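**Student:** coordinates only, no sequence provided:
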Ligand SMILES: [Zn+2]
């Protein structure tokens with residue numbers, strides 16, 4: 001191999017490696033692939049606590065519009081393992097936490113669904129979507145408030161008005177009631193949630 005070419009090649013690898021190293025230290029960008037940062041981001045997520053207040057996962061909906069429908073009877077002896085948040089079809093569905101989009105797909109009950117892996121490896125389930133957000137892919141990082149889909153009534157909600165079924169599954173514990181995580185939230189904007197240490201029940 002030509003010697004000069006060789007040294008140029010080595011220099012390129014060096015610079016690329018450096019860029020990789022520097023970018024691995026940057027926080028991931030919402031809506032962009034986690035990529036090679038995945039192991040580090042996963043470890044960071046596993047060490048974070050799930051905040052007691054999460055973002056409201058439907059745009060324009062306030063906490064007081066959400067009803068606690070956890071545990072309500074469902075078909076075939078099932079109980080409701082989430083909350084239903086009603087909104088007009090096509091209303092943006094927002095990530096309630098930071099995290100990694102772990103699955104975009106379909107299932108019989110949920111229809112079009114998105115899963116987000118969040119703090120303390122909690123899993124967040126967004127179901128009955130009319131559609132997924134155009135620019136979201138599995139492996140993307142999302143901030144609180146990132147659009148991940150749109151409200152619909154796919155799956156077993158076809159005879160129901162459009163709504164988001166939102167579920168939280170804690171690592172090692174399974175499904176928990178999302179309602180307490182939402183009821184004091186005043187806005188779905190992440191900056192407001194992060195700065196909201198002075199919340200009072202009103
Ligand atoms: Zn539901």
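**Tutor:** Everything's here; your move. Being a predicted model, the structure only gives us computed values, none of them experimental.

**Student:** what ranges do the strands span in the chain?
**Tutor:** Per DSSP state E, the chain carries strands over the ranges 83-86, 92-94, 99-107, 111-117, 123-132, 141-142, 147-151, 163-170, 174-176.

**Student:** most neighbours per residue, which of those?
**Tutor:** Highest mean neighbour count of the strands of the chain: strand 141-142, a mean of 26 (counted as mean count of other Cβ atoms under 10 Å). Every C-beta, even on glycine, is put in place using the N, C-alpha and C of the backbone.

**Student:** got a list of what the closest residue to the ion within the chain touches?
**Tutor:** Nearest residue of the chain to the ion (Cβ to the ion) works out as residue 165 at 3.3 Å. By Cβ atoms under 8 Å, 6 or more residues apart in numbering, the contact list for residue 165 reads 82-84, 110, 125-128, 157.

**Student:** which residues does it form a beta bridge with?
**Tutor:** Residues in a beta bridge with residue 165, per DSSP bridges, are residue 84, residue 127.

**Student:** pLDDT wise, what is it at?
**Tutor:** The model reports residue 165 with a pLDDT of 98.

**Student:** how close does it sit to residue 143?
**Tutor:** Distance of residue 165 to residue 143, given as Cβ to Cβ, to the nearest Å: 22 Å.

**Student:** and for residue 75?
**Tutor:** To residue 143, residue 75 is 36 Å away according to Cβ to Cβ.

**Student:** looking at those two now, which is surrounded by more residues?
**Tutor:** Per other Cβ atoms under 10 Å, whichever of residue 75 and residue 143 has more neighbours is residue 143, with 18 against 7.

**Student:** so that one sits against residue 95, correct?
**Tutor:** Yes - Residue 143 is within contact range of residue 95, at 7.1 Å (criterion: Cβ atoms under 8 Å).

**Student:** domains of this structure?
**Tutor:** What automatic domain parsing lists as the domains of the chain is 1-28, 63-194.

**Student:** which one of those domains has the lowest average pLDDT?
**Tutor:** When those are compared by mean pLDDT, domain 1-28 comes last with a mean of 58.

**Student:** Throw the strands of the chain into TSV and include distance to residue 44, thanks.
**Tutor:** Formatted as TSV, those follow (distance: least, Cβ to Cβ, whole Å):
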stretch	distance to residue 44
strand 83-86	27
strand 92-94	21
strand 99-107	11
strand 111-117	12
strand 123-132	16
strand 141-142	11
strand 147-151	20
strand 163-170	18
strand 174-176	22
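
**Student:** quick check: bridge partners of residue 140?
**Tutor:** Residues in a beta bridge with residue 140, per DSSP bridges, are residue 33.

**Student:** what's the local residue count around it?
**Tutor:** Neighbour tally, residue 140, other Cβ under 10 Å: 25.

**Student:** for residue 164, which residues are in contact?
**Tutor:** By Cβ under 8 Å, 6+ apart, the residues touching residue 164 are 57-58, 84-85, 87, 93, 126-129, 151.
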